[in-house]
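[1] How does the following fold in three dimensions:
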Amino acid sequence: MNRFENNFPKYRDYPCEAPVWCLTPQDDANHIHRFFDTSPLSPSGRYVALTRLPDTDGVYPRPGDRAKIDVVDTFSGKCRTVWETAGWEYQMGANLNWGGGSDHELIFNDVDTGIWEPFIVVLDIESGAWRKISGASVYHVSPDGRMALSADAEAMRRTQGGYGVVIPDNLVRYNRGAVSDDGIYITDLASGRRQMLISIAETAERALPPERHAEYNHSEVYGFHTKWSPTGDRIMFSLRYFPDCGGREFRIMHRNFDLLRYDVFTMRPDRTELYLAIPASEWEKNGHHTNWTPDGQHLTMNLNIERKRMRLCICGFDGSNLHAIGDYTGSGHPSFLRNGRFGITDCYLSERQFVEGDDAAALRLFDLERGTERVFTRVHIRTPGQDAAPDFRLDPHPVWCDGGNMLIFNAMQNNRRRVFAADTRELNAVSGPNCLK
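    Alright, predicted model coming up:
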């Protein structure tokens with residue numbers, strides 16, 4: 001970690017449980033990393049891939065607006081732009097993913113504005129050589145770097161803005177009912193072959209109980225989160241639905257939250273073992289942010305499972321044994337170290353029990369063996385555009401990197417979106433029983 005000490009300024013806004021450095025100290029830049037489930041760190045640990053957002057906080061991206069793809073060299077401290085893309089939104093940027101085992105291959109979204117069609121960019125950041133995979137988009141790349149997974153990236157903002165790509169509203173697909181021509185897509189990054197892995201219609205037919213089919217048939221239904229398990233042998237995906245509005249609605253989560261419902265499914269990539277892991281009846285209790293555990297056998301989430309308060313919960317990949325983890329209150333975006341003892345999450349400004357009076361939000365560190373938690377550090381997350389719409393909030397999205405030796409997260413500093421890295425080697429080295437059960 002000496003390269004951080006030499007090349008980046010230390011984070012001193014609040015006390016920290018481990019050394020923290022700012023990777024993006026540029027005064028005029030607004031950077032974010034991707035999400036709490038995908039490391040922005042290259043396989044060797046040298047580069048950090050980030051989306052640099054335009055300086056128009058509080059203004060929805062218009063079709064054709066561009067963001068920059070920047071790469072930070074942690075050995076030199078230098079930041080360089082390697083691409084400009086029209087395939088981004090405020091929460092996930094351009095959905096940057098590294099290819100398997102290579103510091104050269106960076107995979108992300110762009111849009112052909114001549115025909116308003118998304119495409120995947122496979123870019124060699126050293127040589128500048130790149131390949132275009134037309135008509136495809138990426139949300140999450142498999143651990144071996146071979147396959148890209150995504151729902152329809154253009155239609156994601158019908159339910160919530162920030163996670164896909166933007167094309168003109170009149171060109172965004174409208175799904176009436178459980179359609180058979182939309183679903184979850186998988187793309188072979190070597191051949192460029194894209195196929196529908198499973199349709200919404202087939203998912204409903206195979207995984208929903210018969211009494212629920214009418215719910216989908218009278219709704220608009222769209223895919224959203226798609227995530228590979230860390231072991232690469234299962235996928236998780238969510239379907240979101242709301243009463244049929246004739247294709248007139250966008251960002252319905254923020255316009256009329258009570259109308260939106262969620263189902264979370266898991267499946268093997270060969271289409272076998274499809275499960276309705278977390279049904280809408282559970283999410284109705286209030287919940288959010290499902291993620292895989294490091295062993296790829298369980299899902300964690302925040303859920304008001306007892307209808308008393310948000311809890312940190314876990315279940316099997318098939319939905320079995322859903323229960324709370326200890327006595328922890330759920331918040332933000334929880335994930336866990338592979339040693340099974342420590343977890344981390346952030347919080348929203350609305351989760352006031354974890355926010356100090358000056359809007360300093362806690363990064364909460366769980367010790368599952370001891371049943372305790374402490375504040376890893378605090379960060380500012382209020383953005384200039386946040387009052388305009390929830391799309392423009394900044395979530396820290398803490399993500400374990402380098403096998404757990406590093407934690408990378410977003411935060412506001414000097415009124416700019418910046419990205420930080422913490423040295424978590426001491427936490428990662430702790431051995432003991434796997435308490436994440």
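[2] can you pull out the strands in the stretch 201-350 of the chain?
    In the stretch 201-350 of the chain, the strands defined using DSSP state E, counting those that start in this stretch lie at 219-228, 235-243, 261-267, 275-278, 287-292, 298-303, 311-316, 323-329, 335-336, 342-345.
[3] Can you list the strands that the last one pairs with?
    In this case it means strand 342-345. strand 335-336 (antiparallel), strand 360-367 (antiparallel) (DSSP bridges).
[4] avg pLDDT for the first one?
    Meaning strand 335-336. Here strand 335-336 scores 95 as its mean pLDDT.
[5] tell me how far that strand is from the chain's mean position?
    Strand 335-336 sits 13 Å away from the centroid of its parent chain (C-alpha atoms, centre = their mean, to the nearest Å).
[6] Let me see the contact set for the closest residue to residue 392 other than its chain neighbours.
    Nearest residue to residue 392, sequence neighbours excluded (C-beta to C-beta, 6 or more residues apart in numbering): residue 385, at 3.5 Å. Where C-beta positions appear, they are placed from N, C-alpha and C, glycine not excepted. Taking C-beta atoms under 8 Å, 6 or more residues apart in numbering, we find residue 385 in contact with 57-59, 392.
[7] what two of those residues are the furthest from one another?
    59 and 392 (8.4 Å; C-beta to C-beta).
[8] neighbour count winner among those two?
    residue 392 (21 against 15; other C-beta atoms under 10 Å).
[9] Quick one: work out the angle between the longest helix anywhere in the chain and strand 235-243.
    Looking across the chain with DSSP state H, the single longest helix is helix 200-207. Per axes from the mean of the first three to the mean of the last three C-alpha atoms, to 10 degrees, the angle that helix 200-207 makes with strand 235-243 is 110 degrees.
[10] Distance check, the residue nearest to residue 392 against residue 24.
    18 Å (C-beta to C-beta, to the nearest Å).
[11] try residue 251
    Relative to residue 24, and taking C-beta to C-beta, residue 251 is found at 28 Å.
[12] Please list all residues in contact with residue 131.
    121-122, 192.
[13] Please name the bridge partners of it.
    Beta-bridge pairing of residue 131 under DSSP bridges involves residue 122.
[14] Ok, residue 316 next?
    Going by DSSP bridges, residue 316 forms beta bridges with residue 298.
[15] That one: neighbour count?
    Counted with other C-beta under 10 Å, residue 316 comes out at 14.
[16] can you count the residues close to residue 306?
    Neighbours of residue 306 under the rule other C-beta under 10 Å: 10.
[17] nope, residue 46 is what I was after
    If we define neighbours as other C-beta under 10 Å, then residue 46 has 15 of them.
[18] and it, how far is that from residue 193?
    Relative to residue 193, and taking C-beta to C-beta, residue 46 is found at 31 Å.
[19] One more: residue 362?
    Distance from residue 362 to residue 193, by C-beta to C-beta: 45 Å.
[20] picking up where we left off before, now, which of the contacts of residue 385 sits nearest residue 259?
    residue 392 (22.1 Å).
[21] May I have the residues that are in contact with residue 391?
    By C-beta under 8 Å, 6+ apart, the neighbours of residue 391 are 60, 89-91, 161-162, 251, 254.
[22] now do 7 Å
    Applying C-beta atoms under 7 Å, 6 or more residues apart in numbering, we find residue 391 in contact with 60, 90, 161-162.
[23] would you say it is within a strand?
    No: using DSSP: H, G, I helix; E, B strand; the rest coil, the assignment for residue 391 is helix, not a strand.
[24] Once you drop chain neighbours, what's closest to it?
    Closest to residue 391 by C-beta to C-beta, 6+ apart is residue 161, at 4.2 Å.
[25] Between strand 360-367 and the host helix or strand of residue 410, find me the angle.
    If you go by DSSP states H and E, residue 410 is part of strand 406-413. Going by the same axes, to 10 degrees, strand 406-413 is angled at 160 degrees with respect to strand 360-367.
[26] Looking at the strands paired with strand 342-345, spot the one closest to residue 12.
    Of the strands paired with strand 342-345, the one closest to residue 12 (C-beta to C-beta) turns out to be strand 360-367, at 13.4 Å.
[27] got a list of contacts for the closest one?
    Outside strand 360-367, the residues that reach it (C-beta under 7 Å, 6+ apart) are 14, 17, 328, 331, 341-347, 349, 354-355, 373-381, 396, 398, 409.
[28] between residue 362 and residue 193, who's got more neighbours?
    residue 362 (24 against 11).
[29] hmm, back to that, put together TSV for the contacts of residue 385, with distance to residue 432, pLDDT and secondary structure on each row.
    What follows is the contacts of residue 385, written out as TSV (distance: C-beta to C-beta, whole Å; pLDDT from 0 to 100; DSSP: H, G, I helix; E, B strand; the rest coil):
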residue	distance to residue 432	pLDDT	secondary structure
57	44	88	coil
58	46	88	coil
59	49	92	coil
392	41	95	helix
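[30] List the contacts of the residue nearest to residue 377 when sequence neighbours are not counted.
    Spatial nearest neighbour of residue 377, chain neighbours left out: residue 16 (4.2 Å); criterion: C-beta to C-beta, 6+ apart. Taking C-beta under 7 Å, 6+ apart, we find residue 16 in contact with 376-377, 422.
[31] how close does residue 16 sit to residue 243?
    As judged by C-beta to C-beta, residue 16 and residue 243 stand 46 Å apart.
[32] again with residue 404
    43 Å.
[33] what about the two, which has more around it?
    Neighbour count, other C-beta under 10 Å: between residue 404 and residue 243, residue 404 has more, with 18 against 14.
[34] which non-adjacent residue is nearest that one?
    The shortest distance from residue 404 to any non-neighbouring residue, by C-beta to C-beta, 6+ apart, is to residue 428 (3.8 Å).
[35] and what of residue 69?
    Leaving out its chain neighbours, the residue that sits closest to residue 69 by C-beta to C-beta, 6+ apart is residue 83, at 4.0 Å.
[36] How about residue 334?
    Distances taken as C-beta to C-beta, 6+ apart place residue 345 nearest to residue 334, at 3.9 Å, with adjacent residues excluded.
[37] got the contact list for that neighbour?
    331-334, 364.
[38] top of those residues by neighbour count?
    Result: residue 334 is most packed of the contacts of residue 345 (other C-beta under 10 Å), 25 neighbours.
[39] Phi first, then psi, for the closest residue in space to residue 171 that isn't next to it in sequence.
    Among residues not flanking residue 171 along the chain, residue 116 sits closest, at 5.3 Å (C-beta to C-beta, 6+ apart). The phi/psi pair for residue 116 (degrees, to the nearest 10) reads phi 50, psi 50.
[40] What's the local residue count around residue 116?
    18.
[41] Could you verify my assumption that it touches residue 170?
    No: Residue 116 is beyond contact range of residue 170, at 9.8 Å (criterion: C-beta atoms under 7 Å).
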